[in-house]
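K.L.:
what follows is a predicted structure for the sequence shown.
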Amino acid sequence: MTNVDAPLPDLQDQVIDWNVVESLLGDIELSARLFAVLIKSNTEGMADGADLDLTRVKPALEAGTAVQLRYVHEGVEWWDTLMPMAGGVRIVRMQQSD
């Protein structure tokens, strides 16, 4: 059962350019423990994240497909949802609570 009184996690939402996307992917590869790469499938919702291949992220975004990255950085779990849009990529970042 979900606790409806629990506070919602902090959310960050902004549009970043492609250079920042590349830096983000490099930072995650070098400094985080990636445990899920979920690429949106038009027919099935989210595809499974069994293979943690960051090289699939940029081509998916360039094709207009949203991607979610789930990782741990410095002991904190983060979920980044990347959505391509005119002028860059919208990133919605949410810290997962304990």
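P.N.:
Cool, got the structure. Numbering: from 1, shown residues only.
K.L.:
only C-alpha atoms from now on, for both contacts and neighbour counts.
P.N.:
Fine.
K.L.:
in three-state terms, label the nearest residue to Val92 once chain neighbours are set aside for me.
P.N.:
Closest residue to Val92 apart from its sequence neighbours, by CA to CA, 6 or more residues apart in numbering: Asp13 at 4.5 Å. Here Asp13 is recorded as strand under DSSP: H, G, I helix; E, B strand; the rest coil.
K.L.:
contacting residues for Asp13?
P.N.:
90-93 (CA atoms under 8 Å, 6 or more residues apart in numbering).
K.L.:
what lines up beside the helix or strand that Gln68 is a member of in the sheet?
P.N.:
Assigned by DSSP states H and E, Gln68 belongs to strand 67-73. Strand 67-73 sits in its sheet next to strand 33-41 (antiparallel), strand 76-85 (antiparallel), going by DSSP bridges.
K.L.:
would you list the ones you listed in JSON lines and tack on mean neighbour count, distance to Val67 and mean pLDDT?
P.N.:
Converted to JSON lines, the strands paired with strand 67-73 look like this (neighbours: other CA atoms under 10 Å; distance: least, CA to CA, whole Å; pLDDT from 0 to 100):
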{"stretch": "strand 33-41", "mean neighbour count": "19", "distance to Val67": "5", "mean pLDDT": "88"}
{"stretch": "strand 76-85", "mean neighbour count": "19", "distance to Val67": "5", "mean pLDDT": "95"}
